[in-house]
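A.B. asks: my questions are about this predicted structure, shown below with the sequence.
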Amino acid sequence: MVLDLHGLAAHANPTGKPMVIKELGAFMQAWIIGLGSIGRFFCNECRRDAQGRWPTVGSKGFISIVVGIVCYLAALGIWIFATINVTEHARIPNNATDEQALDGGMVSVVSWVQVGYPIIALVSVLWLNFGATDLRGGGGPMPGNQYSPWLSFYKDLFYGSLDVTTKGGLALYCAMRATWLQ
């Protein structure tokens, strides 16, 4: 997908140069997903222990939370850089044709709609740590060995919507764009 966005950006602004080459931009996506996965799965979304207590400083649980936060922030930083890289490359010049303007606009729309992915991840972490309650009742905080079924449902719904909008939207645009060639 990043390679397609860079291809459209190169057409929208043939004289523009990205900060890093498109292949490195695509490779950065693997780092974003990898680092986000460490925070999500290995560090359990920086959550409390199975009894619903925050870990003590220096414990394995505390280190897990710190590592999770660092991984999430690193993934966010790479995502911001990669997004700016492709959107700046697609900046439309003053003498652009209509097709170039459409390509540049599509790169911007797809790139900035993707902001929903880190927002959903942030909401998930905040909800699990500060909003969700123990599923067994009693009103205490949700322990680290439980997961909110409603959060799971809404995450799937919103991630699916983002996937259809960004990936499906870009695929549809590229297919439609291919019919414009003469």
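C.D. replies: Cool, the structure landed.
A.B. asks: what residue lies at the spatial centre of this protein?
C.D. replies: The centroid of the chain falls nearest to Tyr117 when counting by CA atoms, centre = their mean (3.7 Å).
A.B. asks: measure that one to Lys155 for me?
C.D. replies: Separation of Tyr117 from Lys155 (CB to CB, to the nearest Å): 11 Å. Using the backbone N, CA and C atoms, a C-beta is placed for each residue, glycine as well.
A.B. asks: any residues in contact with both of those two?
C.D. replies: Residues touching both Tyr117 and Lys155 (CB atoms under 8 Å, 6 or more residues apart in numbering): there are none.
A.B. asks: any low-confidence regions in this protein?
C.D. replies: Counting by pLDDT under 70, the ranges of the chain that qualify are 181-182.
A.B. asks: pull out the buried positions in the longest helix seen in it.
C.D. replies: Assignment by DSSP state H gives helix 60-89 as the longest helix of the chain. For helix 60-89, burial by neighbour count (16 or more other CB atoms under 10 Å) applies to 61, 64-65, 68, 71-72, 74-76, 78-79, 82-83, 85-87, 89.
A.B. asks: which strands and helices sit next to that helix?
C.D. replies: If contacts are counted by 3 or more CB pairs under 8 Å, 6 or more residues apart in numbering; DSSP states H and E, helix 60-89 sits against helix 2-12, helix 22-37, helix 98-113, helix 116-126.
A.B. asks: tell me, how many residues neighbour Val164?
C.D. replies: As a burial measure, Val164 scores 11 neighbours (other CB atoms under 10 Å).
A.B. asks: that one belongs to a strand, doesn't it?
C.D. replies: No: secondary structure of Val164 (DSSP: H, G, I helix; E, B strand; the rest coil): helix, not part of a strand.
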